[in-house]
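Visitor: my questions are about this predicted structure, shown below with the sequence.
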Amino acid sequence: MGKNMVFKIIFNIFLLLLIFPLFIILLWSFTKIWPWPDLFPKAFGLRGFQYLLNPSNNSLRILGLSIWLSTVVMFIAILISIPAAKALGLYHFKGKGFIKTLILAPIVVPTVAVTMGIHVSFISVGLANTFWGVVIVHLIPCIPYSVRILTDVFEIMGNSMELQARILGANKMQTFFYVTLPMLAPGLITAGSMVFIVSFSQYFLTFLIGGGKIVTFSMVMFPFIQSGDRMMASVYSMVFIWTTLLILISVERIVKSYYKGENYFYL
């Protein structure tokens, strides 16, 4: 058996392990009765989708708000991360390793410990229970991912192309938009995708800072998961998965079409 055959077998096994849970979630979203130890469901229904599409539940409006919120967080995080990642990726200075470690602190430190203090501060400045307060607090767990990803991209890119553009007469803005940004685009898609997913899945931060006035899709989905209602949990999980997948594919396609279909990207 050749190495290629072994690789294909391993790849197919991992692919099956990835697809099978998604198939179970899809099946449960239509399943009304599935008692143990039956191998297949006994009855099917559309209760979950009827609840989701019922205008009185505002599920679609909440989904739209969640997409908008995560998109805003994604763009702000990218704007903050580009200069920070460039400094960490291209320049050498004292304490660089410490700063790289410090940036990952929001991921390491328990969210509850940090958010309680932030909540008190947000109340005093009027950001609690507001859209922008939730946006700001979502940036805390999102920025470490985008900075880390873009730092690695800048380390791989280097600055030789930028220096060459400056030597040929390009100013800083021209160098950034015509040289740096096209080279950085695959990394921006990866970082933006990660930020969107992290923001879209936030529950506790949104619950605490939003105070129940800013309700996102995760806040609606998690109670169904905890309640044991598998049909409702599966329906909301499928919408969650497909929403993030479609948004990420759309962003990738838009950026790829801007660069006239050149094969810079991953999807």
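Guide: Arrived safely. Residues are numbered from 1 along each chain as shown.
Visitor: from here on, just use CA atoms for contacts and neighbour counts.
Guide: Will do.
Visitor: does His92 count as helix, strand or coil?
Guide: The assignment at His92 comes out as coil when based on DSSP: H, G, I helix; E, B strand; the rest coil.
Visitor: how about it, phi and psi?
Guide: For His92, the backbone dihedrals are phi -110, psi 130 (criterion: degrees, to the nearest 10).
Visitor: give me the residue at the spatial middle of the protein.
Guide: Using CA atoms, centre = their mean, the residue of the chain that lies closest to the mean C-alpha position is Ile197, 1.8 Å off.
Visitor: hang on, it in a helix?
Guide: Yes: the assignment for Ile197 by three-state DSSP puts it in a helix.
Visitor: next up, identify which helix or strand the residue nearest to it when sequence neighbours are not counted is on.
Guide: For Ile197, ignoring the flanking residues on the chain, the nearest one in space by CA to CA, 6 or more residues apart in numbering is Thr244 at 6.7 Å. Assignment of secondary structure by DSSP states H and E places Thr244 within helix 230-258.
Visitor: check which helices and strands that helix sits against.
Guide: Under the contact criterion of 3 or more CA pairs under 8 Å, 6 or more residues apart in numbering; DSSP states H and E, helix 230-258 touches helix 3-28, helix 47-53, helix 181-200, helix 217-227.
Visitor: tell me how far Gln174 lies from His119.
Guide: Remark: distance between Gln174 and His119 (CA to CA, to the nearest Å) = 41 Å.
Visitor: neighbour count: these two, which is higher?
Guide: Neighbour totals were compared for Gln174 and His119, and His119 leads with 20 against 15 (other CA atoms under 10 Å).
Visitor: any idea of the pLDDT on that one?
Guide: At His119 the predicted local distance difference test score is 88.
Visitor: other SSEs contacting the helix or strand hosting it?
Guide: Assigned by DSSP H and E, His119 belongs to helix 111-125. Contact partners of helix 111-125 among helices and strands, from 3+ CA pairs under 8 Å, 6+ apart: helix 204-210.
Visitor: average pLDDT across the helix it packs on?
Guide: Mean per-residue pLDDT for helix 204-210: 90.
Visitor: circling back: now the helices and strands packed on helix 230-258 in CSV, with distance to Val255 and mean pLDDT?
Guide: Below are those laid out as CSV (distance: least, CA to CA, whole Å; pLDDT from 0 to 100):
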stretch, distance to Val255, mean pLDDT
helix 3-28, 27, 84
helix 47-53, 32, 87
helix 181-200, 8, 89
helix 217-227, 26, 87
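Visitor: between these, which one is closest to Phe98.
Guide: Evaluated over the helices and strands packed on helix 230-258, closeness to Phe98 peaks at helix 181-200, with 21.8 Å, by CA to CA.
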